[in-house]
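Trainee: predicted model follows, preceded by the sequence.
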Amino acid sequence: MLAMRNPMFAPPGGKWFYLVPETGYYVESPQGKQTVFDRVVRHYVANGIPVPGNLDALIEDYVCRNVVYGACIGEDPRAPGDRPLTYFEVVEALEKFFRGRDRQLVEPREAEQRGLVCIKCPMHSLGMCTSCNELRQQTRRFVKNRALLLDNQLGICRVMRIPTNGLIHVAEFDSKLTFPENCWVTPKGKTA
């Protein structure tokens, strides 16, 4: 398992977070790991699921697998050559994807279903705080200021390298990139 280099400080992105694998319940907090731990324990108890004895370590491991490479210690399965996302790279990719294009949008219900798929995707990154640097708000401008209840659970698509809260609203786009097997984008890059 991975562990933060210095657990006394917030991870890159300024918040602790965890996705309960048994239920898909997502928790995040800029207040600290203990807040996330307490909320997750309450969730487990409320749902009659035994609380893992190593929950503290599981939370750190989950955070470490979703922040930039090198922020943690332990055997990181990601290759050192995996480029971490940078703010400027995300802004550039966002501009390239949307600027000057009249993107057709799906219904909000479909966007929400796509978002639920993205949350569980291994290529979904929560390592960059999209609310503290205005990325979430910038992205909304390109999708007619649409907002979903799950927006605070959405980060950056590491395949497209843009905020997920915008990508899920786009009806159709072509891409030569390779998407994960369970992605709502079809293998040829054209949205389903």
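Mentor: Nice, I can see it.
Trainee: where's Ile156 relative to Val41, distance?
Mentor: To Val41, Ile156 is 28 Å away according to Cβ to Cβ, to the nearest Å. For glycine as for every other residue, the C-beta is placed from the backbone atoms N, C-alpha and C.
Trainee: with Thr186 instead?
Mentor: Taking Cβ to Cβ, one finds Thr186 at 39 Å from Val41.
Trainee: and if you look at Glu112?
Mentor: Distance of Glu112 to Val41, computed by Cβ to Cβ: 27 Å.
Trainee: next one: Arg141
Mentor: Arg141 is 39 Å from Val41, by Cβ to Cβ.
Trainee: picking up where we left off before, between Ile156 and Val41, which has more neighbouring residues?
Mentor: Ile156 (26 against 13; other Cβ atoms under 10 Å).
Trainee: would you confirm that that one contacts Thr130?
Mentor: Yes: counting by Cβ atoms under 8 Å, Ile156 touches Thr130, with 7.0 Å between them.
Trainee: overlap in contacts, those two.
Mentor: Pro163 (Cβ atoms under 8 Å, 6 or more residues apart in numbering).
Trainee: give me the phi and psi angles of the residue in the chain sticking out farthest from the centre.
Mentor: Computed with Cα atoms, centre = their mean, the maximum C-alpha offset from the centroid of the chain is found at Gly48, amounting to 26.8 Å. Phi and psi for Gly48, reported as degrees, to the nearest 10, are phi 70, psi 30.
Trainee: so the chain: which segments form each domain?
Mentor: Segmentation of the chain into domains, based on automatic domain parsing, reads 3-73, 87-167.
Trainee: got a markdown table for those domains, with mean pLDDT too?
Mentor: Formatted as a markdown table, those follow (pLDDT from 0 to 100):
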| stretch | mean pLDDT |
| --- | --- |
| domain 3-73 | 90 |
| domain 87-167 | 89 |
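Trainee: turn those into TSV, columns for distance to Thr178.
Mentor: Below are the domains of the chain laid out as TSV (distance: least, Cβ to Cβ, whole Å):
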stretch	distance to Thr178
domain 3-73	19
domain 87-167	7
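Trainee: just the terminal-to-terminal distance for stretch 25-44.
Mentor: End-to-end span of stretch 25-44 (Cα to Cα, to the nearest Å): 10 Å.
Trainee: what number of residues lie near Arg109?
Mentor: Residues near Arg109, counting by other Cβ under 10 Å: 9.
Trainee: show me the contact partners of the helix or strand harbouring it.
Mentor: Counting by DSSP states H and E, the element that carries Arg109 is helix 108-119. Outside helix 108-119, the residues within contact range by Cβ under 8 Å, 6+ apart are 19, 24, 26, 105-106, 124, 146, 148-151, 153-154, 157, 164-165, 167-169, 182-184.
Trainee: helix or strand next in line after that helix, which one?
Mentor: Next element after helix 108-119 (DSSP H and E): strand 124-125.
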